[in-house]
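A.B. asks: Have a look at this prediction, sequence included:
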Amino acid sequence: MVRQKSLRCALLALAALGTIVYAQRPAQVETPETIVRGTAEAILRAMDGRREYLEANPAELDAVVRSVFLPRFDTAYASFLVLGRHGRNASAEQKARFTTALYNYILNRYGRGLLQFDSDRLEILPMRGEPDADRATIRTLIALDDGSKIPVNYDLRLGSGGWKVYDIVIEGISFARNLRSQIGAEIEANGLDSVILRLEADRERDAGDAGA
């Protein structure tokens, strides 16, 4: 199972990527590197001088992360991977609700970790893959508090809206596949509608806690 600490580190790495210097391609060409870098820099700017305020106001932090990360996260494809075979008979409405609920689940659980990142924790590795491919992986190493390092990879795909992140792989464990295993078992036991309602209820409860 992917631990919350590990996925939190992955989101920290996403923010810290803004401090890494790349061998840049032309500025007008968006690449997987520049997509992740631009996302990271936007998050850093949004949090600059506001960390204590954002920590005390989770709803504001949630709005910041959503405004920056949502445009660069392939929610539809990620939810397609997580649903797996259970998506074959799902209606369009079910798929849409599940996609929204899944994205909320990810951000609600791990968004606060962005407040704790340290740029010195991250090391980016050379990118692999063909220049004209429609899939790419950004490989990184992130240092933990005990000094050890874990590999954190970001998988991106090229679609009509450009490059977007669709999966995070931590120490060889895919977040999408791991979540598919967990949610798949819940769908088989209780049905897709029940899972969607549970995820939506979690979102409403977390929103209530943030506003309390």
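C.D. replies: Cool, the structure landed.
A.B. asks: shaky segments in this protein?
C.D. replies: 1-29, 36-37, 40, 109-113, 116-122, 129, 203-212 (pLDDT under 70).
A.B. asks: what about stretch 65-74, start to end distance?
C.D. replies: One end of stretch 65-74 sits 15 Å from the other (C-alpha to C-alpha, to the nearest Å).
A.B. asks: same thing with stretch 106-124?
C.D. replies: This stretch, stretch 106-124, spans 23 Å end to end (C-alpha to C-alpha).
A.B. asks: Just checking the distance from stretch 89-106 to the centre of its chain.
C.D. replies: Distance of stretch 89-106 from its chain centroid, counting by C-alpha atoms, centre = their mean, to the nearest Å, is 16 Å.
A.B. asks: In that stretch, which residues are buried?
C.D. replies: By 16 or more other C-beta atoms under 10 Å, the buried positions in stretch 89-106 come out as 90, 94-95, 97-106. All C-beta atoms are positioned from the backbone trio N, CA, C, and that covers glycine.
A.B. asks: residue boundaries of the helices in the chain?
C.D. replies: Counting by DSSP state H, one finds helices in the chain at the ranges 4-16, 32-47, 51-56, 58-69, 75-83, 92-110, 175-190, 192-211.
A.B. asks: which of these sits most buried?
C.D. replies: helix 4-16 (a mean of 22; mean count of other C-beta atoms under 10 Å).
A.B. asks: quick one, phi psi at Arg88?
C.D. replies: phi -60, psi -40 (degrees, to the nearest 10).
A.B. asks: and what of Gly172?
C.D. replies: Main-chain dihedrals, Gly172, degrees, to the nearest 10: phi 80, psi 0.
A.B. asks: That one: neighbour count?
C.D. replies: Residues lying near Gly172 (other C-beta atoms under 10 Å) number 8.
A.B. asks: related to what we said a few turns ago, got the buried residues of stretch 89-106 as CSV, with distance to Leu54 columns?
C.D. replies: Shown next, in CSV, are those (distance: C-beta to C-beta, whole Å):
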residue, distance to Leu54
Ala90, 36
Gln94, 34
Lys95, 32
Arg97, 28
Phe98, 28
Thr99, 26
Thr100, 23
Ala101, 24
Leu102, 24
Tyr103, 20
Asn104, 18
Tyr105, 20
Ile106, 18
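A.B. asks: Let me know the closest of those to Phe73.
C.D. replies: Tyr103 (6.9 Å; C-beta to C-beta).
A.B. asks: how about the nearest residue to that closest one, chain neighbours excluded?
C.D. replies: Thr75 (4.7 Å; C-beta to C-beta, 6 or more residues apart in numbering).
A.B. asks: Equivalent analysis for Lys164, please.
C.D. replies: Asp74 (3.8 Å).
A.B. asks: how many other residues sit next to that neighbour?
C.D. replies: Counted with other C-beta under 10 Å, the neighbours of Asp74 add up to 20.
A.B. asks: Report the contact partners of it.
C.D. replies: Applying C-beta atoms under 8 Å, 6 or more residues apart in numbering, we find Asp74 in contact with Leu156, Arg157, Gly159, Lys164, Val165, Tyr166.
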